[in-house]
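> Sequence plus predicted model, see below.
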Amino acid sequence: MLQITLFPQDETFDEASGKFLPPMNGYVMDLEHSLVSLHAWESKWELPFLSTEDKTVEQTIDYIRFMILGPQPPPEDFARLTPEDITKINEYIGSKQTATTIHEDPRKRKTAREVITAELIYYWMISYNIPVEFQHWHLSKLLTLIQVCSIKNSKNNPQEKQSPSQMAQSRRELNELRKRELGTKG
């Protein structure tokens, strides 16, 4: 969880309306980058959050809004986020949040990447029997757990693809074994 404090602000002048605005109270935002916030954002925007496309300012503020645990601050408070606050939030979103390091075999790396959405992550959770409570974990930590489950599952159930010549050889060996067992010539 990340805490961002919006400090109190004295009375300010709004040049657009030509009026003084009342002072604003300080506010502490508890933020959580999780599958829950990702799902809420994707439900509203109908876009994959984890894509490489840049987000608009409105989409970014919306994601921060969905990350907030507890009551929502008034919309005007989001304008008080400083560039340092946004940097902290982005660093938090990009952090690993785990000691686990996965070393990928470059030969097994896929060239086309699957678009990852909240529903796909929920599918993976169901497939690996990951409790639904884990949807509140930091998203990077949850994705690392899913990767670990995938790796461990594939090591326990190896299903390496065979080349056509390997498959033909396997079939020949199986046919020879059956001929010997049955005492036939073919």
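Sure thing, it's come through. Residues are numbered from 1 along each chain as shown.
> Now do the phi/psi pair for residue 58.
The phi and psi values for residue 58, taken as degrees, to the nearest 10, are phi -60, psi -40.
> Same check on residue 52?
phi -90, psi 0.
> how many neighbours does it have?
6 (other C-beta atoms under 10 Å). C-beta: built from backbone N, CA, C; applies to glycine.
> show me what contacts the spatially most central residue of the chain?
Per C-alpha atoms, centre = their mean, the C-alpha nearest to the average position across the chain is that of residue 139, at 4.6 Å. When contacts are counted by C-beta atoms under 8 Å, 6 or more residues apart in numbering, residue 139 touches 33, 34, 35, 38, 93.
> ok, it to residue 114 distance?
16 Å (C-beta to C-beta, to the nearest Å).
> Help me confirm that residue 31 comes into contact with residue 68.
Yes - Residue 31 is within contact range of residue 68, at 6.1 Å (criterion: C-beta atoms under 8 Å).
> Just give the number of residues close to residue 137.
Other residues close to residue 137 by other C-beta under 10 Å number 20.
> ok, now which ones touch it?
Taking C-beta under 8 Å, 6+ apart, one finds 34, 35, 97, 145 in contact with residue 137.
> of all the residues you listed, which comes closest to residue 88?
Taking C-beta to C-beta as the measure, residue 88 lies nearest residue 97 of the contacts of residue 137, at 14.5 Å.
> hmm, back to that, just want to know which of residue 31 and residue 68 has more residues nearby.
Each of residue 31 and residue 68 has its neighbours counted (other C-beta under 10 Å); residue 31 has more, 21 against 15.
> got a list of what that one touches?
1, 2, 3, 4, 64, 67, 68, 69, 89, 92.
> quick one: what helix or strand has the fifth one in it?
If you go by DSSP states H and E, residue 64 is part of helix 57-67.
> what's the spacing between that helix and its chain's center?
Taking C-alpha atoms, centre = their mean, to the nearest Å, the mean C-alpha location of helix 57-67 is offset from the chain mean by 16 Å.
> One more: stretch 70-90?
On C-alpha atoms, centre = their mean, the centre of stretch 70-90 falls 21 Å from the chain's centre.
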